[in-house]
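Chemist: coords below, sequence missing:
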């Protein structure tokens, strides 16, 4: 089993819809979870971090964490064409070297007008 | 604050040549990382460092070397370049503080022919 898995997509939603991106991870003891956005030809940009079970909201973005199910998701409300990018899930797995993150392969999101 | 900077942006190497990819950060971060990203794939960790003078291998270290003589700089050396090293290389840094949020440089696109 891969350490961090994401639904591969691509995911396509109309403008104004909610985009839902999912990620599962292998180690229940993991403590730190991140979502990065990567535009084509650019570097990953941190958009959300979450450390506790539940929801964390930041503007149109909501990260949801369920450690018992080893699941983290990202919801994008009122999706805009500018949200079209690849979204990478990253996890600091329990027992890994301090600071080391494991990345999923990413989900490509397209928001069409 | 420039954040994380990388040079060069692009480079074409011939098989067997060597080069150094430069990475610097001005955030006084202890942790630094080198990743490579192949098309459609996630980020694979090459080497990382938890402080000046301390480095360790990641998932794909073969064909690469690193050094960390200062907190700010973390160069990646490619010896005897091979076509399999054609990729986009990202440098990242994070604080020791425990949240492990990594911040990425703009990347170097390397082609080996």
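Modeler: Everything's here; your move. Just so it is clear, the structure is predicted and the values come from calculations on it, not from any experiment. Numbering: from 1, shown residues only, chains lettered A, B, ... in the order given.

Chemist: number of nearby residues for residue 103?
Modeler: Using chain A here. Look at residue A:103: counted by other C-beta atoms under 10 Å in any protein chain shown, it has 24 neighbours. To be clear about C-beta, it is placed using only N, CA and C from the backbone, and glycine gets the same treatment.

Chemist: chain B is the one I meant
Modeler: 18.

Chemist: repeat for residue A:53
Modeler: Around residue A:53 there are 11 residues (other C-beta under 10 Å).

Chemist: do I have it right that it meets residue A:66?
Modeler: Yes: shown here, residue A:53 and residue A:66 form a contact pair, counting by C-beta atoms under 8 Å, at 6.3 Å.

Chemist: tell me the contacts of the residue nearest the centre of chain B?
Modeler: Closest to where the C-alpha atoms of chain B average out (C-alpha atoms, centre = their mean) is residue B:34, at 2.9 Å. Shown in contact with residue B:34 (C-beta atoms under 8 Å, 6 or more residues apart in numbering or on different chains): B:21, B:23, B:45-48, B:58, B:64, B:66, B:74, B:76, B:89-91.

Chemist: measure the closest residue to residue A:113 other than its chain neighbours to residue A:78 for me?
Modeler: Using C-beta to C-beta, 6 or more residues apart in numbering or on different chains and skipping the chain neighbours, the partner closest in space to residue A:113 is residue A:15 (5.2 Å). Separation of residue A:15 from residue A:78 (C-beta to C-beta, to the nearest Å): 8 Å.

Chemist: what of residue A:41?
Modeler: 26 Å.

Chemist: and the two? Which one has more around it.
Modeler: residue A:78 (13 against 9).

Chemist: that one in helix, strand or coil?
Modeler: The three-state label given to residue A:78 by DSSP: H, G, I helix; E, B strand; the rest coil is coil.

Chemist: over to the one 4 residues further on?
Modeler: Classification of residue A:82 into helix, strand or coil gives helix, according to three-state DSSP.

Chemist: what's near enough to touch it?
Modeler: Counting by C-beta under 8 Å, 6+ apart, residue A:82 makes contact with residue A:111.

Chemist: what is the neighbour count of residue A:39?
Modeler: Neighbours of residue A:39 (other C-beta under 10 Å): 12.

Chemist: in the sheet, who's paired with the residue lying closest to it once chain neighbours are set aside?
Modeler: Computed as C-beta to C-beta, 6+ apart, the closest residue to residue A:39 that is not its neighbour in sequence is residue A:85, at 4.9 Å. According to DSSP bridges, the residues that bridge with residue A:85 are residue A:109.

Chemist: wait, residue A:85 touches residue A:109, no?
Modeler: Yes: applying C-beta under 8 Å as the test, residue A:85 and residue A:109 come out as touching, 6.2 Å apart.

Chemist: picking that back up, so for the residue nearest to residue A:39, what's the pLDDT?
Modeler: For residue A:85, the pLDDT comes out at 97.
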